[in-house]
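Colleague: sequence unavailable; structure follows:
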C-alpha cells in the first residue's frame, strides 16, 4: 500500500510539473538544471514534449545535437549534459523571442 501511495504521489507531482511547463510557469531548462524530485526518474523526452508545440520529431532533433537518448532520465544526466541541454533550450527560446518582436 505504501508503494502504491508513493507511485500515486509521484504521478500527481509529475502531472503538475508537466502542466506548469505547458503553461510556461516553469522553464524546462530550469527543471533540467535543478532536477526536482518529481523529474528525477522522468524521461528527458517526456519533459521536453510537455512544452507547447513540442512533439517527438522536434525533441528527437534537439537531442540528436547532443549524444543523448530520449529515454535517458533527467536524474541520470551528468552535470555537463544538463548544462549543455539547458544552453540549447535557452538559446532556442531566445531565438523565438526575437522572431516574435
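Modeller: Here it is on my side, so go on. Computed from a predicted model, the values in this text were never measured in an experiment. Numbering: from 1, shown residues only.

Colleague: what is the helix or strand that contains residue 33 packed up against?
Modeller: Take DSSP states H and E as the rule and residue 33 turns out to sit in helix 28-34. For helix 28-34, the packing partners by 3 or more C-beta pairs under 8 Å, 6 or more residues apart in numbering; DSSP states H and E come out as helix 2-22, helix 44-49, helix 79-100. Where you see a C-beta, it was placed from the backbone N, CA and C, and this is true even at glycine.

Colleague: how about that helix: buried residues?
Modeller: The neighbour-count check on helix 28-34 (16 or more other C-beta atoms under 10 Å) flags 28-29, 31-33 as buried.

Colleague: neighbours around residue 45, how many?
Modeller: Other residues within reach of residue 45, judged by other C-beta atoms under 10 Å, total 19.

Colleague: wouldn't it be in contact with residue 56 here?
Modeller: Yes - using C-beta atoms under 8 Å, residue 45 is in contact with residue 56, at 7.5 Å.
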